[in-house]
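Asks: got a sequence here, can you build the structure:
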Amino acid sequence: MGTATFADGWPPYTHIPGQTPHPESDPRGHSHGQPRVVPPPLEPERWQTSAALARGLALFERGFYWEAHEAWEGLWNAAGRAGPIADLLKGLIHLAAAGVKVREGRLDGVLSHAERARQLFTEVAAHVATSRVWLGFDLAEPARYATQRAATAATLPLGADAPPLGPLFPPLPRVA
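Replies: Model prediction:
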């Protein structure tokens, strides 16, 4: 995502493909003309210093799912798209995509993205078996969270019934 700054720190809308101006490519987009930031790779020992990780989490918690997806995608690319760090980030990206699918009114997309996130989080937890807490997450929790998103997806207001702003999901469980 670009480096756009907003009066209150948050975009004026969350992007819904096909319904709102594309944030970067449309001249009416909330981040149009802003350079794309390439974040440094996420370091497990210094995850707390990652502005891109923190920004993605903050965007997700406020319901800016497309924008969170973009923030985490930069980190995923920086991680080389493979390995446990990349897989954790890809799981987060899938959760954000599930939020976008709620606003698009696509229950099938919510379910498939939540399930893929669960699979990735489960694989990460198995791979990083030496520590239960990693990159600010209790590794048992993200898979549970993704499972809960799938289990409750049918109860969410979808498409035009979903609020255009604000969170649709509870905050991601994290540890300090």
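
Asks: and the contacts of the lowest-mean-pLDDT helix or strand in the chain?
Replies: Lowest by mean pLDDT, DSSP states H and E among the helices and strands of the chain is strand 133-134, with a mean of 88. Strand 133-134 has contacts (C-beta atoms under 8 Å, 6 or more residues apart in numbering) with Pro44, Leu88, Val124, Val128, Leu139, Val175. Quick note: C-beta positions are derived from backbone N, CA and C, even for glycine.

Asks: inside strands: which ones of those residues?
Replies: Among the contacts of strand 133-134, the subset assigned to strands under DSSP state E is empty.

Asks: mind putting the residues you listed into a markdown table with pLDDT and neighbour count?
Replies: Below are these laid out as a markdown table (pLDDT from 0 to 100; neighbours: other C-beta atoms under 10 Å):
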| residue | pLDDT | neighbour count |
| --- | --- | --- |
| Pro44 | 88 | 12 |
| Leu88 | 96 | 31 |
| Val124 | 95 | 24 |
| Val128 | 87 | 19 |
| Leu139 | 87 | 22 |
| Val175 | 88 | 12 |
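
Asks: now stretch 100-111: mean pLDDT?
Replies: Regarding stretch 100-111, the rounded mean pLDDT is 97.

Asks: let me fix that, I meant to ask about stretch 23-34.
Replies: Averaging pLDDT along stretch 23-34 gives 89.

Asks: in that stretch, what counts as buried?
Replies: Pro23, Glu24, Gly29, His30, Ser31 (16 or more other C-beta atoms under 10 Å).

Asks: returning to what we had before: among the contacts of strand 133-134, which are located in helices?
Replies: Those of the contacts of strand 133-134 mapping onto helices are Leu88, Val124, per DSSP state H.

Asks: quick one: the helices in this structure?
Replies: Using DSSP H, helices in the chain cover 51-61, 65-78, 84-104, 107-127, 141-152.
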